[in-house]
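Okay, here's the prediction I keep looking at, along with the sequence it came from:
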Amino acid sequence: MQLIDGKAVAAEVRAEVARTVAARRADGRRPPALAVVLVGDDPASHVYVRNKVKACAETGIRSEEHRLASDVAEAELLALVHRLNADPEVDGILVQLPLPPQCDATRVIEAIDPAKDVDGFHPVNAGRLALGLPGFVPCTPAGCLRLLKTVHADLAGAEALVIGRSTIVGRPMAALLVAESATVTIAHSRSRDLPALVGRADIVVAAVGRPELVRGGWLKPGATVIDVGINRVTGPDGRARLVGDVCFAEAAAVAGAITPVPGGVGPMTIACLLENTLKAAA
Ligand code: NAD
């Protein structure tokens, strides 16, 4: 069984981004710049934004943080997005989700210039991905594909199962796998007989948000498992720990390759955000 080391792959991606940024600067060009918009005081969002800003600094990307109060009017948030769209010193714009209820996330994302949409959530980029055209790909599924490629240089004809159909992970993941010529099934909350679907798959990408939903006994022996889930649970010793959507202890005995949680998909998301920011600057 191969443990897919997301931390190591993410470190390679970051190093490559840092080298490209340095080469740009050596050419006399300004560093790529990412604007991060954070609304309200959701503690998890603050942690995510802090990690993104830190990762930018480590690779030489300039970042600017725009913090707005949790009761900000949607019009004010939209005005900020429009200012950032027009700012030639800003290459990428990221609005951290979730937004407070008075701000409509769809409207806010649609206001971002698709050429600066480094999260890849704008309908133009989602549409381009669905059509197999180049554009910005959401960071988490892009990271999952990168990890899959460390195991499978060629995904053509592979039976791939994506569990979850969210717009930020499951759907774009399925589109990426189709573009790689895999045979793709999408399972979701209304799917029948998930164990049978899992049992057919050479590749399983689980993005559900249910601790250890996928059991080891469901897997086809030798399958590659990418576990996107990040679930906080309390262990038998009363201590909190993170588990994925796949029961790692069981799956590791059956799978050919598997990502751990933490240390698998998680580190790849920010690494791919840095890559997207570089792409936006280029
Ligand atoms: P979501 O809640 O938006 O979507 C979950 C999907 O799972 C839905 O499409 C739903 O239909 C499906 N689902 C629910 N119950 C199911 C069941 N019993 N069988 C099959 N499908 C079922 O979640 P999301 O935003 O896609 O996130 C999924 C998980 O991935 C969460 O644990 C989240 O924390 C994690 N996540 C991790 C990263 C990362 O950087 N590693 C990024 C995004 C999300």
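Cool, the structure landed.

Helices of the chain, start to end?
In the chain, the helices defined using DSSP state H lie at 6-26, 43-59, 74-86, 105-111, 123-131, 139-151, 170-179, 194-200, 248-251, 266-281.

Buried deepest among those, which one?
Most buried of the helices of the chain, by mean neighbour count (mean count of other Cβ atoms under 10 Å): helix 266-281, with a mean of 24. (Glycine included, C-beta is placed from N, CA and C.)

I'd say I109 and L94 touch.
No: I109 sits out of contact with L94 when judged by Cβ atoms under 8 Å, with a separation of 10.4 Å.

Please identify every residue contacting each of those two.
The contact sets of I109 and L94 overlap at D119 (Cβ atoms under 8 Å, 6 or more residues apart in numbering).

Model confidence at the residue in the stretch 1-150 of the chain that the ligand sits nearest to, what's the number?
Closest to the ligand within the stretch 1-150 of the chain is T140: 4.0 Å, counting by Cβ to the nearest ligand atom. Looking at T140, its pLDDT reads 98.

Pretty sure it sits against I270.
No: using Cβ under 8 Å as the test, T140 is too far from I270 to be in contact (9.9 Å).

which neighbours do these two share?
Contact with both T140 and I270 is made by no residue, according to Cβ under 8 Å, 6+ apart.

Among the helices of the chain, single out whichever gets nearest to A240.
Minimum separation from A240 across the helices of the chain (Cβ to Cβ) falls at helix 43-59, 14.0 Å.

quick check: angle from the closest one to helix 6-26?
Compare the direction of helix 43-59 with that of helix 6-26 by axes from the mean of the first three to the mean of the last three Cα atoms, to 10 degrees and you get 50 degrees.

going forward can the numbers begin at 895, since that is how I track them
From this message on, residue numbering opens at 895, which makes the last subject helix 937-953.

mean confidence for helix 937-953?
Helix 937-953 comes out at a mean pLDDT of 97.

Only C-alpha atoms, please: export it in PDB.
Extracted C-alpha coordinates of helix 937-953, given in PDB (Å, rounded to 0.1, in the frame of the first residue of the first chain):
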ATOM      1  CA  PRO A 937     -13.100  31.400  13.600                       C
ATOM      2  CA  ALA A 938     -12.500  28.700  10.900                       C
ATOM      3  CA  SER A 939     -12.500  31.300   8.100                       C
ATOM      4  CA  HIS A 940      -9.900  33.400  10.100                       C
ATOM      5  CA  VAL A 941      -7.600  30.300  10.300                       C
ATOM      6  CA  TYR A 942      -8.000  29.600   6.600                       C
ATOM      7  CA  VAL A 943      -7.300  33.200   5.600                       C
ATOM      8  CA  ARG A 944      -4.300  33.300   8.000                       C
ATOM      9  CA  ASN A 945      -2.900  30.200   6.400                       C
ATOM     10  CA  LYS A 946      -3.400  31.500   2.900                       C
ATOM     11  CA  VAL A 947      -1.800  34.800   3.600                       C
ATOM     12  CA  LYS A 948       1.200  33.000   5.300                       C
ATOM     13  CA  ALA A 949       1.600  30.700   2.300                       C
ATOM     14  CA  CYS A 950       1.600  33.700  -0.100                       C
ATOM     15  CA  ALA A 951       4.400  35.400   2.000                       C
ATOM     16  CA  GLU A 952       6.500  32.200   1.900                       C
ATOM     17  CA  THR A 953       6.400  32.000  -1.900                       C
END
